[in-house]
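Undergrad: I'll drop the sequence and a predicted model, then ask my questions.
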Amino acid sequence: MNITAESVKQLRERTGAGMMECKKALVETKGDIDAAAEWLRKAGAAKADKKSSRVAAEGRIAIRSDEKAGRHVVLEVNSETDFVAKDDNFRAFVERLAEVILAQRPANVEALMRSSVAGKTVEDLRLELVTKVGENISVRRFDVVESRGNVGAYVHGTRIGVLVDVDGGSPELARDLAMQVASLAPRYVSNDDVPKDVVAKEREIIAAQTAEEKKPPEIVAKMVEGKLRKFLDEITLTGQVFVKDDKKRVRDLLAQNKAKVKGFRRYEVGEGIEKKSADFAKEVEAIAQGSQSR
């Protein structure tokens with residue numbers, strides 16, 4: 001049947017799918033735009049299912065705040081490639097999700113995917129985006145910080161996002177601390193937050209490293225404790241040297257401003273996701289062998 005350019009245009013504006021995808025959908029549904037839109041959604045779901053096993057370790061971090069409500073969101077959404085992570089459609093999807101989280105306060109990612117946006121679920125929007133960009137898209141995680149204190153927010157490019165909740169101090173101090181966390185990636189706020197088993201394991205490792213020292217036992221013991229203190233300073237926010245003034249530690253800065261860090265969230269794109277390393281030479285060899293066997 002004859003599919004008009006106008007009907008393709010209407011379907012594309014409605015769904016955001018590509019021209020050829022829209023034309024194919026209209027052919028399959030005999031020009032019925034409503035049925036074609038549904039066809040595209042189902043096609044998107046099928047494509048997403050096929051791509052779901054592909055590793056999505058690139059993506060974007062977004063932060064949004066509602067200062068009046070004292071609510072702050074950090075969110076990570078993943079794509080397969082950095083190219084798609086920079087795509088305007090992907091960026092708009094991530095920003096929209098951050099706004100949905102702020103407004104609807106879903107309990108977790110599963111609840112977020114069921115959330116309604118202009119008559120569609122977030123999962124519907126994800127499937128539509130998969131159809132547009134041709135990659136697996138994964139909404140990985142988000143955190144919400146509810147606080148009436150000073151919450152410092154900082155996004156480094158699109159790959160690192162930090163929220164720091166500070167009791168006292170100033171908004172400027174909170175932002176400086178967010179930049180500190182982004183830069184030096186502490187694991188804990190202070191020594192009190194470091195699990196005892198982590199301290200015990202590090203003490204054991206340091207003791208083994210200094211076992212061959214030809215010094216009195218009491219000197220070796222002091223060396224172990226000194227190295228342990230250095231380790232704790234490196235992994236705790238309050239123990240780190242302040243990035244803006246290397247003559248101060250963060251704990252000194254907090255004391256000076258009569259402030260206390262209640263907690264922080266630090267997201268980095270793809271952290272903890274096992275990426276598949278491609279061996280280009282082997283791929284070419286495999287393709288060549290496959291061609292010869294035909």
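TA: Noted; the coordinates are in hand.

Undergrad: now the helices for the protein?
TA: For the chain, applying DSSP state H gives helices covering 5-15, 19-28, 33-51, 82-85, 88-104, 109-114, 122-133, 171-184, 196-209, 217-235, 250-256, 280-292.

Undergrad: Residue 150: which of these is closest?
TA: When the helices of the chain are compared by C-beta to C-beta, helix 171-184 sits nearest residue 150, at 4.0 Å. In this view, the C-beta of every residue, glycine as well, is placed from N, C-alpha and C.

Undergrad: mind giving me JSON lines with the helices of the chain and columns for mean neighbour count?
TA: Formatted as JSON lines, the helices of the chain follow (neighbours: other C-beta atoms under 10 Å):
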{"stretch": "helix 5-15", "mean neighbour count": "15"}
{"stretch": "helix 19-28", "mean neighbour count": "18"}
{"stretch": "helix 33-51", "mean neighbour count": "17"}
{"stretch": "helix 82-85", "mean neighbour count": "18"}
{"stretch": "helix 88-104", "mean neighbour count": "17"}
{"stretch": "helix 109-114", "mean neighbour count": "14"}
{"stretch": "helix 122-133", "mean neighbour count": "21"}
{"stretch": "helix 171-184", "mean neighbour count": "20"}
{"stretch": "helix 196-209", "mean neighbour count": "13"}
{"stretch": "helix 217-235", "mean neighbour count": "14"}
{"stretch": "helix 250-256", "mean neighbour count": "18"}
{"stretch": "helix 280-292", "mean neighbour count": "9"}
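
Undergrad: Residue 270 is nearest to which of those helices?
TA: Closest approach to residue 270 among those is made by helix 82-85 (10.0 Å; C-beta to C-beta).

Undergrad: next one: the closest one to chain centre, how far?
TA: Here the centre of helix 82-85 is set off from its chain's centre by 14 Å, with C-alpha atoms, centre = their mean, to the nearest Å.

Undergrad: Need the contact partners of that helix.
TA: With C-beta atoms under 8 Å, 6 or more residues apart in numbering as the test, helix 82-85 has contacts from 58-60, 79, 90, 133, 135, 158, 269.

Undergrad: Out of the residues you listed, which end up buried?
TA: Buried members of those, scored by 16 or more other C-beta atoms under 10 Å, are 58-60, 79, 90, 133, 135, 158, 269.

Undergrad: For the closest residue to residue 263 other than its chain neighbours, list each beta-bridge partner.
TA: Closest residue to residue 263 apart from its sequence neighbours, by C-beta to C-beta, 6 or more residues apart in numbering: residue 165 at 5.1 Å. Residue 165 has the following beta-bridge partners by DSSP bridges: residue 151, residue 263.
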